[in-house]
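Engineer: give me the fold of what follows.
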Amino acid sequence: MDLSKLSNADKAKLVKGLTGLVDMKKNTPSVYYEPHVNGQLQFHEADHRYRFMFPGNRFGKTTAMGVEVDLVLQGSTRFGKLRDVPAQVLWFAPQLRQFEVLKKQLDSECLTQGYAFDANDFRFTWPNGSQLWIVPHDRDWKNIQGINPDLICCDEQPPKTLWNELQARGFGKKVTRYVIAATATEGISWMDGMFYKPWVKHHAMQGLDIDAAMKVQSHPTIWLWPKGGIADNPSISDSEKKRFAELDWVGGAKERAVRTGGGFQSWLGDGLFDDAALDRIRERMRELDKITGVGRNGTFAVKELNDAG
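Structural biologist: Purely as a prediction, here's the structure:
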């Protein structure tokens with residue numbers, strides 16, 4: 001377009017229109033969000049009660065979860081879902097100091113603006129009555145006890161004790177749905193027995209390996225995405241992907257594998273979800289428990305692993 005040929009009136013209309021588009025994108029960023037087809041789109045389309053994303057860093061899992069939260073809060077029918085408002089959402093994050101960074105990201109990429117924010121309770125309230133609470137793991141969360149929310153989200157892996165409490169919030173008139181988006185850098189955890197193994201077993205009984213299971217997702221309640229990473233995010237340049245792949249991680253090759261490609265690794269030398277490896281680890285922990293009487297090998301309690309198994 002040759003702007004020099006436009007009249008001043010037409011130029012003013014053009015500027016006004018462009019300004020309106022900029023303001024609209026700033027005020028409703030989720031409307032302009034286009035999920036990639038390497039896991040984000042599948043996450044939004046899934047209707048399972050439990051949805052878990054365990055890819056590597058820079059996959060876009062926090063953005064995807066943030067947009068999903070906004071869709072719930074605003075009652076959007078995007079991705080073919082019916083959502084009622086007002087809605088209540090709880091978002092759990094590891095630490096209080098991460099909140100400011102998280103809030104900036106949610107504001108710029110996910111949340112519809114026009115909310116009122118209570119800095120004491122870390123609570124967002126929209127004109128339609130919907131509310132979002134940000135709750136750090138290291139903060140007392142008595143202010144949200146008794147709430148039967150529509151959606152509970154965990155940005156990174158929550159402690160098992162907290163997860164038990166969150167499950168208790170799901171009993172009420174509303175059918176609470178759950179999302180965990182985490183890069184699995186903590187090694188063996190309670191999540192393999194509760195989420196991953198049932199999901200794998202269900203699909204294995206149908207003759208499906210993990211890649212096929214990720215496409216079919218036929219488990220009645222669990223949707224799980226255990227792979228992927230920065231390479232799957234089309235919004236990141238090839239040069240940045242290359243630079244990320246060259247980073248030196250404390251955990252060496254295994255941590256690099258998790259952070260770049262997702263999935264799970266055991267920092268004890270065996271695959272996290274290798275049953276034989278888990279059995280050997282459990283037996284070793286039992287031996288240590290008999291010797292020390294402590295029940296821990298410095299990381300996880302024997303009982304926790306037995307419960308998971």
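Engineer: from residue 177, how far out is residue 237?
Structural biologist: Applying CB to CB, to the nearest Å, the value for residue 237 to residue 177 is 34 Å. C-betas here are computed from N, CA, C, even on glycine.
Engineer: the two: who's more crowded?
Structural biologist: A side-by-side neighbour count of residue 237 and residue 177, using other CB atoms under 10 Å, places residue 177 first with 19 against 9.
Engineer: tell me the pLDDT at the more buried one?
Structural biologist: In this model, residue 177 is scored at 95, pLDDT.
Engineer: can you check the one 5 residues further on too?
Structural biologist: In this prediction, residue 182 carries a pLDDT score of 89.
Engineer: what number of residues lie near it?
Structural biologist: Using other CB under 10 Å: residue 182 sits among 20 other residues.
Engineer: for it, give me its contacts.
Structural biologist: 52-54, 61, 154-157 (CB atoms under 8 Å, 6 or more residues apart in numbering).
Engineer: please apply the same query to residue 263.
Structural biologist: Counted by CB under 8 Å, 6+ apart, residue 263 has contacts 54, 184, 226-227, 257.
Engineer: do the same with residue 30
Structural biologist: 67, 70-71, 74, 76, 110-112 are the contacts of residue 30 under CB under 8 Å, 6+ apart.
Engineer: now do 6 Å
Structural biologist: Going by CB atoms under 6 Å, 6 or more residues apart in numbering, residue 30 touches 67, 70, 110.
Engineer: quick one: secondary structure of it?
Structural biologist: Using DSSP: H, G, I helix; E, B strand; the rest coil, the structure places residue 30 in helix.
Engineer: related to what we said a few turns ago, make a ChimeraX selection of whichever of the contacts of residue 263 turn out to be buried.
Structural biologist: Entered in ChimeraX, the line below selects the buried ones among those, by 16 or more other CB atoms under 10 Å:
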select :54,184,226,227,257
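Engineer: returning to that earlier point: got the contacts of residue 182 as JSON lines, with secondary structure columns?
Structural biologist: Below are the contacts of residue 182 laid out as JSON lines (three-state DSSP):
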{"residue": "52", "secondary structure": "strand"}
{"residue": "53", "secondary structure": "strand"}
{"residue": "54", "secondary structure": "coil"}
{"residue": "61", "secondary structure": "helix"}
{"residue": "154", "secondary structure": "strand"}
{"residue": "155", "secondary structure": "strand"}
{"residue": "156", "secondary structure": "coil"}
{"residue": "157", "secondary structure": "coil"}
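Engineer: most neighbours out of those residues, which is it?
Structural biologist: Neighbour max across the contacts of residue 182 (other CB under 10 Å) = residue 61, 28 neighbours.
Engineer: that one and residue 53 touch, don't they?
Structural biologist: Yes: using CB atoms under 6 Å, residue 61 is in contact with residue 53, at 4.6 Å.
Engineer: mutual contacts of these two, please.
Structural biologist: Residues within reach of residue 61 and of residue 53 at once, by CB under 6 Å, 6+ apart, are residue 181.
Engineer: can I get the helix or strand where residue 66 lies in PDB? Just the C-alpha atoms.
Structural biologist: Per DSSP states H and E: residue 66 is located in helix 61-74. Presented in PDB, the C-alpha positions along helix 61-74 are these (Å, rounded to 0.1, in the frame of the first residue of the first chain):
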ATOM      1  CA  LYS A  61       3.400 -25.500  28.400                       C
ATOM      2  CA  THR A  62       2.900 -22.600  30.700                       C
ATOM      3  CA  THR A  63       1.500 -20.500  27.900                       C
ATOM      4  CA  ALA A  64      -0.900 -23.300  26.900                       C
ATOM      5  CA  MET A  65      -2.000 -23.700  30.500                       C
ATOM      6  CA  GLY A  66      -2.500 -20.000  30.900                       C
ATOM      7  CA  VAL A  67      -4.600 -19.700  27.800                       C
ATOM      8  CA  GLU A  68      -6.700 -22.700  28.900                       C
ATOM      9  CA  VAL A  69      -7.300 -20.900  32.200                       C
ATOM     10  CA  ASP A  70      -8.400 -17.800  30.400                       C
ATOM     11  CA  LEU A  71     -10.800 -19.800  28.200                       C
ATOM     12  CA  VAL A  72     -12.400 -21.300  31.300                       C
ATOM     13  CA  LEU A  73     -12.600 -17.900  33.100                       C
ATOM     14  CA  GLN A  74     -14.200 -16.200  30.100                       C
END
